[in-house]
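Novice: Build the 3D model from these lines:
(one chain, ligands or ions: 1)
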Amino acid sequence: MYRTNTCGELRLVDAGKKVILSGWVQRSRDLGGMTFIDLRDRYGVTQLVFNMELDPGLCGEARNLGREFVVQVHGEVMERSNKNPKMPTGEIEIRVNRLMVLNSAITPPFTIEDESDGGDELRMKYRYLDLRRNPLKNNLLLRHRMAFEARNYFNSHDFIEVETPVLIKSTPEGARDFVVPSRTNPGQFYALPQSPQTFKQLIMVAGYDRYMQIVKCFRDEDLRADRQPEFTQIDCEMSFVHQEDILDMFEGMVGHLFKNLLQIEFKDPFPRMTFAEAMAKYGSDKPDIRFGMEFTELTGEVKGKGFPVFDPAEYVGGIVAPGCAEYTRKQVDELTEFVKRPQVGGKGLVFMRYGTDGILKSTLDRYYTPDDLKRFAGITGAGPGDLMLLMAGDQKLTLKALCELRLEMGTRLGLRRKDVFKPLWVLDFPLLEWNEEEKRFYAMHHPFTSPRTEDIPLLDTDPARVRANAYDLVINGNEIGGGSIRIHEEELQKKMFRILGFTDMDADRQFGFLIRAFRYGAPPHGGIAFGLDRFTSLFAGEDSIRDVIAFPKNNAGRDIMADAPGEISEEQLKELSIQIHKI
Ligand code: ASP
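Specialist: Down below sits the predicted model:
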C-alpha cells in the first residue's frame with residue numbers, strides 16, 4: 001500500500017493514528033535537532049518531522065532529500081506545538097519512523113510555489129511542473145467542476161451527449177480549416193471541425209431533440225490576443241424552439257454554474273440589448289456593463305461652429321469620466337497617448353472639464369460659447385467634477401476607439417472588478433457583413449443562421465439590413481457563448497449560400513449532405529455554443545485562457561514542451577502522397 005491517507009486530509013482528531021503518506025517534497029527545513037519536510041500531493045501539504053536525537057540515521061536521510069523527490073513515509077499523527085492556522089492540516093504533523101525514496105528528482109527549473117520565479121516560456125516548456133503549482137491546479141479542478149455541473153444541468157433537462165467526428169469535411173465558421181491528409185485517399189484531405197455545427201443540426205434532423213457535447217474545436221487563425229488553435233466548446237442544439245426558449249434554457253444553465261461554483265445567484269433575468277444599441281452605446285458587440293459611461297453622440301450638436309476637427313467628422317461623441325475633472329496635465333496626456341496607439345486607432349482626444357465650481361473649461365473656447373459647452377454637458381449627462389472625453393472621425397473607427405477608451409477609464413477607476421459578474425444577451429445581429437476588399441457578403445455568425453422571419457423579404461432587396469435570429473451571451477465584456485435559430489428549409493438555405501457567393505454547384509459540393517437532409521423532414525431548431533476555456537478563465541479570475549488549459553500552445557501556435565508542429569519523415573510524406581515545396 002502506498003498510502004493510507006492523502007496529504008490534505010489529516011486533522012487534530014487523527015492524532016495518534018499510524019499512517020502512510022506518499023507525495024513530493026515541497027520544502028525542507030533543518031532547525032537544529034529537527035528536520036521538517038512539507039510533503040505535497042494534489043490534495044494538500046502535510047508537515048513531516050524527523051528528530052535527530054530520536055533517530056539520527058533517519059533524520060540524516062531526510063536531510064538528503066531534494067526538492068520534488070517522490071517519497072513514502074510511515075509515521076504517527078501528532079498534535080503540533082507550533083500550529084499553522086493557514087494550512088488545513090496545520091494543527092498536526094507526522095512523526096516519521098520510516099522513509100522510502102520512490103523516485104529522486106533533479107532540481108526543477110523554477111520554484112513550485114504559488115508565486116513562481118519562472119518566466120512564461122520556461123513554465124510552458126516544463127508544463128507538467130507548472131501544473132504542480134496551486135494556481136494552475138485549482139484552475140483545472142474548477143474546469144472539471146464546470147464541465148461536470150454543465151453536464152448535470154443538461155442531463156436533468158433531457159439533453160444527451162453525442163460525439164461528433166473530428167475528421168470531417170470543412171464547416172466554415174469564419175476561420176481557416178486545419179487539414180489532415182488522407183493516406184488511403186491520395187491527394188485528399190479531411191478538415192478538423194471549426195465546430196460540430198452541421199453535425200449537431202443533423203442530430204436534430206435525426207430526431208434526438210436535445211444535444212450537447214463538450215468538444216474540441218479547431219481554427220487556424222492568426223493567433224490574436226488570447227486565442228488558441230484548439231479550444232473547447234460546450235456545444236448545444238435543441239429542436240422545436242424559438243429564440244426565447246433557447247435564451248431561457250441556457251440562462252438556466254449559466255445560472256446553475258454561477259450558483260454551484262461561485263455561490264452567486266442572479267435574482268433578475270439577464271438584461272438584453274440589440275446589436276445596434278450595443279454598438280451605439282458601447283462601440284462593441286460585447287459590452288462590459290459592470291459600469292456605465294455610455295457614449296453620447298454629439299455629431300449634430302457640434303458642427304457648423306468652425307472647429308476643424310468636428311466639422312468634417314462623420315461621428316462626434318464621447319464619454320463622461322465621473323469625478324475626473326481635476327485630472328492633471330500628465331493624466332490627460334496619457335489618455336491622449338492611449339487613444340493614439342495603433343491598436344486603438346484614435347486621432348486625438350478633446351477634453352472638457354466640468355469644475356466642481358460649476359465652470360466648464362475646454363480648449364474649444366474659440367469655437368464654442370459657455371452656453372454651448374453647458375448644452376453639451378447637459379446632453380452627455382456630465383455634472384460638476386466630471387471630465388468629458390470626446391472623439392471625432394469615421395463612425396466605425398471612432399466608436400471602436402471610444403470603446404477602448406471607455407474600458408481603459410473603467411480600469412483606471414476600478415470599475416471592472418473581477419468579483420462582479422454582469423451577464424447580458426446581445427440580440428438581433430446583422431445576418432451579413434460586407435467585405436469591402438472582396439466585394440462580397442460574409443455570414444456574421446455562420447451560413448446556417450436563420451434571418452428573422454420579418455426580414456426575409458429584405459434578402460432580395462437590401463441584404464445588409466437583414467437581422468439574424470442570433471444571440472450572444474456576454475459576461476463582463478467577454479463573449480462567453482453565441483448561437484442562433486437555424487435555417488431548416490432547403491430553399492432558404494440555398495438562397496443564403498447564393499448570397500454568400502456560392503454557386504449552386506459549390507454549395508452542393510460542400511454542403512450537399514446538409515441540404516439533402518433538409519428534404520427528409522428537418523424540425524425547426526436552434527442552438528448555442530459556450531467557450532469553456534473563456535468561461536472557466538472568467539470564473540477563475542484569470543486574464544488568459546492559457547491558465548485554464550492543461551497543455552496550451554504559445555502565441556505562435558507552438559507546443560513548446562513537445563516541440564510541435566514538427567517535420568515528418570520522407571517516408572511518411574511519401575505514404576501521404578505529399579511533396580513539400582520549400583519557398
Ligand atoms: N457553431 C457555432 C460557433 O461555434 C455556435 C452555434 O451557432 O451554436 O460559434
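Novice: Helices along the stretch 101-250 of the chain, start to end?
Specialist: Assigned by DSSP state H, counting those that start in this stretch, the stretch 101-250 of the chain shows helices spanning 120-125, 127-130, 134-156, 197-205, 243-257.
Novice: looking at the ones you listed, which is closest to Pro269?
Specialist: Closest approach to Pro269 among these (C-beta to C-beta): helix 243-257, 6.8 Å. (Each C-beta comes from the backbone N, C-alpha and C, glycine too.)
Novice: Moving C-terminal from the top strand by length along the chain, which element do we reach first?
Specialist: Across the chain, the strand with the greatest residue count (assigned by DSSP state E) is strand 18-31. Downstream of strand 18-31, the first helix or strand assigned by DSSP states H and E is strand 34-41.
Novice: So which residues on this structure come close to the ligand?
Specialist: Selection of the chain residues close to the ligand by C-beta under 6 Å from any ligand atom yields Glu173, Ser195, Gln197, Gly482, Gly483, Ser484, Gly527, Ile528, Ala529.
Novice: Skip the chain neighbours and tell me the closest residue to Ala150.
Specialist: Nearest residue to Ala150, sequence neighbours excluded (C-beta to C-beta, 6 or more residues apart in numbering): Ile234, at 5.4 Å.
Novice: doesn't Cys217 make contact with the one you found?
Specialist: No - with contact defined as C-beta atoms under 8 Å, Ile234 does not count as touching Cys217 (11.0 Å).
Novice: thinking again about what came up before, highest mean neighbour count out of the helices of the stretch 101-250 of the chain?
Specialist: helix 197-205 (a mean of 23; mean count of other C-beta atoms under 10 Å).
Novice: Neighbours of the residue lying closest to Arg486 once chain neighbours are set aside, how many?
Specialist: The spatial neighbour of Arg486 that comes closest, neighbours along the chain excluded (C-beta to C-beta, 6+ apart), is Phe448 at 5.0 Å. The number of residues packed near Phe448 is 24, by other C-beta atoms under 10 Å.
Novice: Then Asp220?
Specialist: If you count neighbours by other C-beta under 10 Å, Asp220 ends up with 15.
Novice: With Pro565 instead?
Specialist: Neighbour count of Pro565, defined by other C-beta under 10 Å: 10.
Novice: so how many other residues sit close to the residue nearest to it when sequence neighbours are not counted?
Specialist: Among residues not flanking Pro565 along the chain, Arg558 sits closest, at 7.2 Å (C-beta to C-beta, 6+ apart). Counted by other C-beta under 10 Å, the residues lying close to Arg558 total 16.
Novice: Surely Arg558 and Pro552 touch.
Specialist: No - assessed by C-beta under 8 Å, Arg558 is found out of contact with Pro552, at 10.3 Å.
Novice: what angle separates the longest strand of the chain from strand 34-41?
Specialist: Counting by axes from the mean of the first three to the mean of the last three C-alpha atoms, to 10 degrees, strand 18-31 lies at 120 degrees to strand 34-41.
Novice: Same question for strand 18-31: list its buried residues.
Specialist: Neighbour-count burial for strand 18-31 flags Val19, Ile20, Leu21, Ser22, Gly23, Trp24, Val25, Gln26, Ser28 (criterion: 16 or more other C-beta atoms under 10 Å).
Novice: sorry, back to before: what would the residues of the chain next to the ligand look like in JSON lines with distance to Val205 and pLDDT?
Specialist: Shown next, in JSON lines, are those (distance: C-beta to C-beta, whole Å; pLDDT from 0 to 100):
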{"residue": "Glu173", "distance to Val205": "20", "pLDDT": "71"}
{"residue": "Ser195", "distance to Val205": "17", "pLDDT": "96"}
{"residue": "Gln197", "distance to Val205": "13", "pLDDT": "96"}
{"residue": "Gly482", "distance to Val205": "22", "pLDDT": "98"}
{"residue": "Gly483", "distance to Val205": "17", "pLDDT": "98"}
{"residue": "Ser484", "distance to Val205": "17", "pLDDT": "98"}
{"residue": "Gly527", "distance to Val205": "13", "pLDDT": "98"}
{"residue": "Ile528", "distance to Val205": "18", "pLDDT": "98"}
{"residue": "Ala529", "distance to Val205": "18", "pLDDT": "98"}
